[in-house]
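**Q** I'd like to go over a predicted model; first the sequence, then the structure.
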Amino acid sequence: MASAQSSAPPSGVEIVGSGSAIPEKRLTNADLERVMDTSDEWIVQRTGIHERRVIDHERETLGAYALEAGQKALADAGMAPTDIDMVMVATMTPDMPTPGIASVLTHQLGMGTIGAMDLNAACSGFVYGMNFANAAIQSGMARNILLVGADAITRHIDYSTYGRGAAILFGDAAGAVVVRATDRSGPGLLAQAMHSDGGGAEVLYVPCMPHHIPEEQGQDDRKITKVQMNGQAVFRFAVKTFPQLIEETLEMVGLGADDVQHYVCHQSNRRILQAARDRFGLAEDKLHVNIGELGNTVAASVPLVFDELRRAGRVEPGHRVMFLGFGAGLTWGSSLWQI
Ligand code: UT7
């Protein structure tokens, strides 16, 4: 199938499949205690994280995980790779600067010469991708889209006491969904928001050259190609922005917080997610947290939560699902769907 076709807008847009690919290798808090000055108690109390999964960067590629998640999502949707007419991969850590993971994936899956691109909005990437997938289908640009969120951020972590602020948070993984046009008028995107603030670029970034590091943060070769994070600044940004984003999205469609069955959020830190639950008085089974076992997996975290819910049979036709992401850039965004 080619993605150069144009057709009338469909009645609806539905999410018909999901899949996850999670590395086998576990990195527990006890493992971190052995290589840096930290403790299980400190990490759990500050973040809710007990362990993360990490890619073996010497032998594995992120592309292989994106492929596995994509194949599972297609199988779940009951669709063949050749049914897909556009592939998007949200990632900030492609295996190589070029080619993008998406175009390699289309070849591996025998999808032909369809449109394929990577998009980078850090931890918001998958949520942005949901909005662009909807727009592409509504415009007639595509009918069946495979959207993957994948990151191998641990490649950019300094596992020493010097890098411990970021080292405790992150893990690697890939998650995917299939989104397609439908003649049914019920399902589809109800509201979306996308924001950015480059004025906050320096609170979370990966410098590639010494001059990328702001003078006031201090030159140090150990910082090059490693995640630099002002944890407190990111925490403040997230705790403030996250509820605002939920409110903004609900207001667009005149819904209350309880009218949404599932809040599928970027897993940044258990305390940030708990603050949002408390703010809206949401039950635990509405705003999901799986950070304890997987850590913060950047663009993969949202599709991983969604796939977990689908596999548990908890996402039903007619449910409203709000996807929420926020992270480096700074970027933040929402995507509210009716299933
Ligand atoms: O996708 C978005 C990704 N980022 C986030 O969501 C990050 C949001 N921020 C956070 O989750 C928290 O800021 C952290 C968990 C990263 C850090 O917690 P915090 O309470 O903000 O700690 P802090 O950076 O203010 O540091 C407090 C103390 C410092 O020691 P002193 O100066 O008080 O003696 C740090 O050096 O804790 C120390 N510290 C650690 N101690 C043990 C920093 N990292 C560690 C560590 N283990 N891993």
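**A** Here it is on my side, so go on. Keep in mind it's a predicted model, so treat the numbers as computed, not measured. Residues are numbered from 1 along each chain as shown.

**Q** What count of nearby residues applies to the residue of the stretch 201-339 of the chain found nearest the ligand?
**A** The minimum distance from the stretch 201-339 of the chain to the ligand, using C-beta to the nearest ligand atom, falls at Gly231 (2.7 Å). Where you see a C-beta, it was placed from the backbone N, CA and C, and this is true even at glycine. Close neighbours of Gly231, defined as other C-beta atoms under 10 Å, add up to 16.

**Q** Neighbours of the single nearest residue of the stretch 1-150 of the chain relative to the ligand, how many?
**A** The minimum distance from the stretch 1-150 of the chain to the ligand, using C-beta to the nearest ligand atom, falls at Thr38 (3.3 Å). The number of residues packed near Thr38 is 18, by other C-beta under 10 Å.

**Q** next one: Ile22
**A** Around Ile22 there are 20 residues (other C-beta under 10 Å).

**Q** Contact residues of this structure facing the ligand?
**A** 38, 42, 46-47, 123, 164-165, 168-169, 229, 231-232, 234-235, 238, 268-269, 296, 327 (C-beta under 6 Å from any ligand atom).

**Q** now, which of those residues lie within helices?
**A** Using DSSP state H, the subset of the residues of the chain next to the ligand located in helices is 42, 46-47, 164-165, 231-232, 234-235, 238.

**Q** Which ChimeraX command selects the buried ones in the residues you listed?
**A** The buried residues among those can be selected in ChimeraX (16 or more other C-beta atoms under 10 Å) with this line:
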select :46,47,164,165,231,234,235,238
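
**Q** Turn the ones in helices among the residues of the chain next to the ligand into a markdown table, columns for distance to Val87 and pLDDT.
**A** Below are those laid out as a markdown table (distance: C-beta to C-beta, whole Å; pLDDT from 0 to 100):
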| residue | distance to Val87 | pLDDT |
| --- | --- | --- |
| Trp42 | 41 | 97 |
| Arg46 | 37 | 95 |
| Thr47 | 33 | 96 |
| Arg164 | 37 | 96 |
| Gly165 | 35 | 94 |
| Gly231 | 34 | 95 |
| Gln232 | 38 | 95 |
| Val234 | 30 | 95 |
| Phe235 | 34 | 95 |
| Ala238 | 30 | 94 |
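
**Q** of all the ones in helices among the residues of the chain next to the ligand, which comes closest to Arg26?
**A** Thr47 (16.3 Å; C-beta to C-beta).

**Q** Which residue is the nearest non-sequential neighbour of that closest one?
**A** Asn269 (5.0 Å; C-beta to C-beta, 6 or more residues apart in numbering).

**Q** same for the helix or strand bottoming out on mean pLDDT in the chain, what does it pack against?
**A** Least confident helix or strand of the chain, by mean pLDDT, DSSP states H and E, is helix 270-280 with a mean of 93. In this structure, helix 270-280 packs against helix 40-47, helix 231-253, strand 262-265, helix 291-294, with contacts taken as 3 or more C-beta pairs under 8 Å, 6 or more residues apart in numbering; DSSP states H and E.

**Q** Name the stretch among these that sits most buried.
**A** strand 262-265 (a mean of 25; mean count of other C-beta atoms under 10 Å).

**Q** show me where the stretch 51-200 of the chain has strands.
**A** 51-53, 86-90, 115-119, 144-151, 173-182, 188-196 (DSSP state E, counting those that start in this stretch).

**Q** what's the fourth one packed up against?
**A** Meaning strand 144-151. Counting by 3+ C-beta pairs under 8 Å, 6+ apart, strand 144-151 packs on helix 62-77, strand 86-90, helix 101-108, helix 125-138, strand 173-182, helix 301-311.
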